[in-house]
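In: Give me coordinates for this.
(chains A and B)
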Amino acid sequence: NAGVTQTPKFRILKIGQSMTLQCTQDMNHNYMYWYRQDPGMGLKLIYYSVGAGITDKGEVPNGYNVSRSTTEDFPLRLELAAPSQTSVYFCAITQGNSNQPQHFGDGTRLSIL
Amino acid sequence: QKEVEQNSGPLSVPEGAIASLNCTYSDRGSQSFFWYRQYSGKSPELIMSIYSNGDKEDGRFTAQLNKASQYVSLLIRDSQPSDSATYLCAVNDGTGKLIFGQGTTLQVKP
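Out: Next up is the predicted model:
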């Protein structure tokens, strides 16, 4: 998993609940990303970070928040879970500069009922 | 809006044949291009990176890039049943962000 650890692996939430998806890397990489993947679709970028203290929105940021207080951790927060957020969430890192490929964690499968 | 297009398939080939997967992209400023393989229920796994026009070979895999035509392809020679997966094309938009296609499902039949 390229040194990227995601927890939990599975979670079921009720509508309106909140939760934090954890992503931790042990390689001191600056670039970190959060994606969601809906069934039969490609990945959509939610948020990304180019270093500690710096975050920016991706293509589908609504309903999510992130923080990057350390290089190692990049948690993704869902404040008011909605059925449309049922998806598989992947965290990724880039080794080196921003032109290099991204490497993914094992993912978190989230269902909101 | 920057887009990456792939035929969703499924693409079915017999074992031992060449599988050809194609991808087009809309942003002429794109700098780097990647192919990922994703098995069902698993995370994407990088199999090829390509940065300049032409071909790049790695084992049974060859990536081809044509920036003038905004076209990237992946050839898999001597296809094996273990190659059956979804293949995702991803394009770096020049800012470090990847734009993904929806993926092409490949089925290799014994």
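In: switch to C-alpha atoms for all contacts and neighbour counts from now on
Out: Fine.
In: Could you look up the SS state of A:Ser84?
Out: A:Ser84 carries the three-state label helix when classified by DSSP: H, G, I helix; E, B strand; the rest coil.
In: in chain B, what residue is nearest chain A?
Out: B:Gln102 (4.0 Å; C-alpha to the nearest C-alpha).
In: that's a helix at that residue, yeah?
Out: No: judged by three-state DSSP, B:Gln102 forms no part of a helix; its state is coil.
In: Which residue is the nearest non-sequential neighbour of it?
Out: Closest residue in space to B:Gln102, ignoring its immediate chain neighbours: A:Gly42 at 4.0 Å, by C-alpha to C-alpha, 6 or more residues apart in numbering or on different chains.
In: ok, now A:Thr55?
Out: A:Ser49 (4.3 Å).
In: Which SSE is immediately downstream of the helix or strand containing that neighbour?
Out: Take DSSP states H and E as the rule and A:Ser49 turns out to sit in strand A:43-51. Going down the chain from strand A:43-51, the next helix or strand is strand A:54-57, by DSSP H and E.
In: List the contacts of whichever helix or strand comes after that next one.
Out: For strand A:54-57, the following helix or strand on the C-terminal side (DSSP H and E) is strand A:64-66. Strand A:64-66 has contacts (C-alpha atoms under 8 Å, 6 or more residues apart in numbering or on different chains) with A:46-47, A:55, A:74-79.
In: Please identify the buried residues of the very next helix or strand once past strand A:64-66?
Out: Using DSSP H and E, the helix or strand that follows strand A:64-66 in sequence is strand A:76-78. Using 16 or more other C-alpha atoms under 10 Å in any protein chain shown as the burial criterion, the residues of strand A:76-78 that qualify are A:76-78.
In: got it, and stretch A:96-113?
Out: A:98-112.
In: Kindly identify which of these also come near chain B.
Out: A:98-107 (C-alpha under 8 Å from any C-alpha of the partner chain).
In: Let me know whether the residue nearest to B:Gln102 touches B:Gly101 as I believe.
Out: Yes: between A:Gly42 and B:Gly101 a contact is recorded at 5.5 Å, counting by C-alpha atoms under 8 Å.
In: what sits in contact with each of those two?
Out: Counting by C-alpha under 8 Å, 6+ apart, the residues touching both A:Gly42 and B:Gly101 are B:Leu88.
In: Can you give the distance from the least confident helix or strand in chain B by mean pLDDT to the centre of its chain?
Out: When the helices and strands of chain B are compared on mean pLDDT, DSSP states H and E, strand B:98-100 comes out lowest with a mean of 93. Offset of strand B:98-100 from its chain centre (C-alpha atoms, centre = their mean, to the nearest Å): 12 Å.
In: Tell me the helices and strands packed up against that strand.
Out: strand A:43-51, strand B:85-92 (3 or more C-alpha pairs under 8 Å, 6 or more residues apart in numbering or on different chains; DSSP states H and E).
In: and the longest one, which strands flank it?
Out: With DSSP bridges as the test, strand A:43-51 is paired with strand A:31-37 (antiparallel), strand A:54-57 (antiparallel).
In: What residues sit buried inside it?
Out: So strand A:43-51, judged by 16+ other C-alpha under 10 Å, has buried residues A:43-51.
In: and if you look at stretch A:18-37?
Out: Under 16+ other C-alpha under 10 Å, the buried positions of stretch A:18-37 are A:21-25, A:29-37.
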